[in-house]
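Peer 1: predicted model and sequence below, questions to follow.
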Amino acid sequence: ASYGPITDVDIDGVQAEDCAQVIRLLSRVSRIDRVSIRNVKGTYRDFGVWIGPWWREGGDIGRLEFENMDLRPVAPRAFNYIPTFLFWIAGKAEEITLKNIISHVPIDDRPLVWIQPDAKVDLLRVQGLTVFDPRTAIGDGPLIRADGRVGLLQVRDVIVQRPSIRTPAG
């Protein structure tokens, strides 16, 4: 949708297989509010969930909720114009909840949640983040990278399972 609000959307069950991108919610001026996306599974190459304005500052995002997501990265990449990520959060948003997110067998050090420099998020909740990383060569990248402004960041119930060869730095 190019113009007008997108509100009261409930999506339950998405299967992604070898996608370049899975979900994009873009708002420059029009409102996106009360959107719930649950039970998303599959594989992707570059971008899991992209939230924000389209190629410039802005955005009018109310409440978004993502629950029960298990998206696994695969190679090779489809696009090289930005680094890879699971969640990209940019623009103006009131409340975003990420609940029961699973990262299983990462292939690189992409951030699972990446808050962009232009982000202005009032409340970001991460409730239930599980990472199963069997790699012995673990990078230094953070799982949650905050480059923008977040009024309140709540992170609860995080499990990171990695080999004890090296302590993660991020």
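Peer 2: Structure's in. What do you need?

Peer 1: got the end-to-end distance for stretch 72-87?
Peer 2: Start and end residues of stretch 72-87 are separated by 12 Å (Cα to Cα, to the nearest Å).

Peer 1: same check on stretch 87-94?
Peer 2: Start and end residues of stretch 87-94 are separated by 16 Å (Cα to Cα).

Peer 1: flag every buried residue along that stretch.
Peer 2: Of the residues in stretch 87-94, those scored as buried under the neighbour-count criterion (16 or more other Cβ atoms under 10 Å) are Phe87, Trp88, Ile89, Ala90, Gly91, Lys92, Ala93. Where C-beta positions appear, they are placed from N, C-alpha and C, glycine not excepted.

Peer 1: can you check stretch 20-30 too?
Peer 2: Buried residues in stretch 20-30, defined by neighbour count with 16+ other Cβ under 10 Å: Val22, Ile23, Leu25, Leu26, Ser27, Arg28.

Peer 1: now it: mean pLDDT?
Peer 2: When the per-residue pLDDT values of stretch 20-30 are averaged, the result is 90.

Peer 1: so for this structure, which residue is the most central one in space?
Peer 2: Phe87 (1.4 Å; Cα atoms, centre = their mean).

Peer 1: now for that one: which residues touch it?
Peer 2: Taking Cβ atoms under 8 Å, 6 or more residues apart in numbering as the criterion, Phe87 is in contact with Gly48, Val49, Ile51, Phe66, Leu98, Ile101, Leu112, Val113, Trp114.
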